[in-house]
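# how would this look folded up:
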Amino acid sequence: SVYLGPILDIFKTKQKLDIVDISLKSMISSKQLIVSKDATTKNSKAWLNRHVISLHEKFALGFACVILFFVGAPLGALIRKGGIGLPMVIAILLFL
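Got it, this is the predicted structure:
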């Protein structure tokens with residue numbers, strides 16, 4: 001048979017209270033689980049973002065060193081006096 005009325009009308013008053021109490025506790029437990037998982041997910045994302053930023057910083061630093069070397073070497077080579085030593089010192093200073 002199919003009952004189309006309110007589902008709680010089938011039960012007695014004591015059973016209705018028990019059903020409502022159990023469902024309320026179940027919803028509270030589910031809400032706490034969701035909040036806990038949300039906090040864990042936020043912490044995991046923050047940790048992952050820190051690692052990605054650190055990785056990008058390392059590659060950016062290496063790339064910047066190469067670019068500055070290519071800028072500093074010709075500028076150091078423009079200084080003609082002192083042989084190879086002085087232009088190399090100036091190129092290294094510009095590089096650093």
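# now the helices for the chain?
Listed in chain order, the helices of the chain (DSSP state H) span 13-77, 85-95.
# With distance to residue 7, mean pLDDT and mean neighbour count added, can I get the ones you listed in a markdown table?
In short, each C-beta sits where N, CA and C put it, glycine included. Below are the helices of the chain laid out as a markdown table (distance: least, Cβ to Cβ, whole Å; pLDDT from 0 to 100; neighbours: other Cβ atoms under 10 Å):
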| stretch | distance to residue 7 | mean pLDDT | mean neighbour count |
| --- | --- | --- | --- |
| helix 13-77 | 9 | 90 | 11 |
| helix 85-95 | 77 | 70 | 15 |
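# wait, which of those is closest to residue 6?
Among these, the nearest to residue 6 by Cβ to Cβ is helix 13-77 (10.4 Å).
# At the geometric centre of the chain, which residue sits there?
residue 49 (2.5 Å; Cα atoms, centre = their mean).
# re the thing from before, now distance to residue 3 too, for the helices of the chain, in CSV please.
Converted to CSV, these look like this (distance: least, Cβ to Cβ, whole Å):
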stretch, distance to residue 3
helix 13-77, 15
helix 85-95, 83
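# out of those helices, which comes closest to residue 4?
Of the helices of the chain, nearest to residue 4 by Cβ to Cβ is helix 13-77, at 18.5 Å.
# what distance separates that closest one from the centre of its chain?
Once both centres are worked out by Cα atoms, centre = their mean, to the nearest Å, helix 13-77 turns out to sit 4 Å from its chain's centre.
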